[in-house]
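A.B. asks: can't give you the sequence, but here's the structure:
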């Protein structure tokens, strides 16, 4: 299977600071990257979709200025949570896809963010 | 907006019992995927069903896609404690995006 590297796996930060999460597809080129958020005991909630070299498309209710997504290359995408607050504490999962058209999604191991 | 209703949301049973998880929608999906997720980890794909009426087996797990490709089920036979986890279904829509079910938290007691 495809290898996806997401880090950090766990981060604790103070309220008001920014946190960057990296997601790398190690053995394939990810034309599209999905970023999800998952609260305890709930399913995955799509936050945004990004294609390499273009601006991300955010889902309704997700603040684009707060959750900055950069998809600068076909193997790397980052999600920056700016001015984090306790309500941003969640489990964030990246999902790079490969191939044109057909959605073959792979998933990172996730990042547990705890904002104090 | 396409929705995928997954049930039950929580299930706790004894080792050796059988169980079925359902995912239902009023919309047609190109395919439907089943995932299992452990705490603190990303979801891991178990199976993808594509054809209406398709049945796939993975050891004690049986996955079925409805004839109309609007619903799917996961049946576990003789559940074991190792089956404990969060099971998620996700349907692929016409835009190749995944529509996620709410998840089923499964606990198998020894």
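C.D. replies: That came in fine, so what should we check first? In this text the structure is predicted, and so the values were computed from the model without any measurement. Numbers count the residues shown, from 1 in each chain, chains lettered A, B, ... in the order given.

A.B. asks: neighbours around residue A:108, how many?
C.D. replies: Using other CB atoms under 10 Å in any protein chain shown, residue A:108 has 26 other residues around it. (C-beta placed from N, C-alpha, C; glycine too.)

A.B. asks: on the pLDDT front, check it for me.
C.D. replies: Here the pLDDT value assigned to residue A:108 is 93.

A.B. asks: contact partners for it?
C.D. replies: A:4, A:5, A:6, A:23, A:93, A:94, A:95, A:96, B:42 (CB atoms under 8 Å, 6 or more residues apart in numbering or on different chains).

A.B. asks: what does residue A:58 give?
C.D. replies: Residues near residue A:58 by CB under 8 Å, 6+ apart: A:47, A:48, A:64, A:67.

A.B. asks: phi, psi of it?
C.D. replies: phi -100, psi 150 (degrees, to the nearest 10).

A.B. asks: do you know how far it is from residue A:68?
C.D. replies: 10 Å (CB to CB, to the nearest Å).

A.B. asks: name the helices or strands packed onto the helix or strand of chain B with the lowest mean pLDDT?
C.D. replies: When the helices and strands of chain B are scored by mean pLDDT, DSSP states H and E, strand B:98-100 comes last with a mean of 90. Contacts defined by 3 or more CB pairs under 8 Å, 6 or more residues apart in numbering or on different chains; DSSP states H and E place strand B:98-100 against strand A:45-51, strand B:85-92.

A.B. asks: now the closest residue in space to residue B:71 that isn't next to it in sequence: how far from chain A?
C.D. replies: Among residues not flanking residue B:71 along the chain, residue B:24 sits closest, at 4.4 Å (CB to CB, 6 or more residues apart in numbering or on different chains). With distances taken as CB to the nearest CB, to the nearest Å, residue B:24 is found 15 Å from chain A.

A.B. asks: same deal with residue B:39?
C.D. replies: Noted for residue B:39: a distance of 9 Å to chain A, by CB to the nearest CB.

A.B. asks: burial measure for that residue, as a count.
C.D. replies: Neighbour count for residue B:39, taken as other CB under 10 Å: 10.

A.B. asks: in ChimeraX, how would I select the buried members of the contacts of residue A:108?
C.D. replies: Entered in ChimeraX, the line below selects the buried ones among these, by 16 or more other CB atoms under 10 Å in any protein chain shown:
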select /A:4,6,23,93,94,95,96 /B:42
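
A.B. asks: any chance of the contacts of residue A:108 in a markdown table, with pLDDT and secondary structure too?
C.D. replies: Output for the contacts of residue A:108, formatted as a markdown table (pLDDT from 0 to 100; DSSP: H, G, I helix; E, B strand; the rest coil):
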| residue | pLDDT | secondary structure |
| --- | --- | --- |
| A:4 | 92 | strand |
| A:5 | 94 | strand |
| A:6 | 96 | strand |
| A:23 | 96 | strand |
| A:93 | 96 | strand |
| A:94 | 95 | strand |
| A:95 | 93 | strand |
| A:96 | 91 | strand |
| B:42 | 91 | coil |
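
A.B. asks: which one of the contacts of residue A:108 sits closest to residue B:13?
C.D. replies: Nearest to residue B:13, judged by CB to CB, of those is residue B:42 at 25.6 Å.

A.B. asks: contact partners for that closest one?
C.D. replies: For residue B:42, the contact set (CB under 8 Å, 6+ apart) comprises A:4, A:6, A:93, A:95, A:107, A:108, A:109, A:110.

A.B. asks: which of the contacts of residue A:58 count as buried?
C.D. replies: For the contacts of residue A:58, buried by 16+ other CB under 10 Å: A:47, A:48, A:67.
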